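Trainee: Build me a model:
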Amino acid sequence: LKTPRTIKTWIRCCVALAAALILMTLIRAGMCVGWAWGAAAMAAGLSVRNQALLAQQQQRVHASIVNNGIPATVQYQIFIFKGYFLDPGVSAVWGAFFFIGTFALGTLRAYVPKLALLSIFGSIVLDV
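Mentor: Numbering: from 1, shown residues only. Next comes the predicted model:
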């Protein structure tokens, strides 16, 4: 850093680094907010789940699995993908959390435009 030109270049690089760090912090914070809200929704949904109904559904599925050359895990996945284990209470809790989280992040984006990046990445992680 002997000449004014190298000092000017170094300052520009420091400003670019600071801007990149701020953007990365906003992105990471948004992802953490979305993840935390999704984890809270899962925990609340599991607390509402009827364990007796789940055990009954698992017994029915276990009894209906046949040895026809298809592995039992694949047959179990077919029942999962067909929605056999869905519980309306859990779905309602998950939907309520999704609505509140999406509304909050949208409101944050509308009223604090500087945090739009946080809101966008929070919504993406919340949706997934």
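Trainee: What's the mean pLDDT across the top helix by length along the chain?
Mentor: In the chain, assigned by DSSP state H, the helix with the most residues is helix 4-48. For helix 4-48, mean pLDDT rounds to 94.
Trainee: Relative to the whole chain's centre, how far out is the helix or strand following it?
Mentor: Toward the C-terminal end, the helix or strand that comes next after helix 4-48 (DSSP states H and E) is helix 51-64. Relative to the centre of its chain, helix 51-64 is centred 28 Å away, using C-alpha atoms, centre = their mean, to the nearest Å.
Trainee: Off-centre distance for the longest helix of the chain?
Mentor: That offset, for helix 4-48, works out to 16 Å (C-alpha atoms, centre = their mean).
Trainee: And it, what does it pack against?
Mentor: helix 88-111, helix 116-127 (3 or more C-beta pairs under 8 Å, 6 or more residues apart in numbering; DSSP states H and E). Where C-beta positions appear, they are placed from N, C-alpha and C, glycine not excepted.
Trainee: Mind putting those into TSV with distance to Val15, mean neighbour count and mean pLDDT?
Mentor: Output for the helices and strands packed on helix 4-48, formatted as TSV (distance: least, C-beta to C-beta, whole Å; neighbours: other C-beta atoms under 10 Å; pLDDT from 0 to 100):
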stretch	distance to Val15	mean neighbour count	mean pLDDT
helix 88-111	26	15	94
helix 116-127	18	19	91
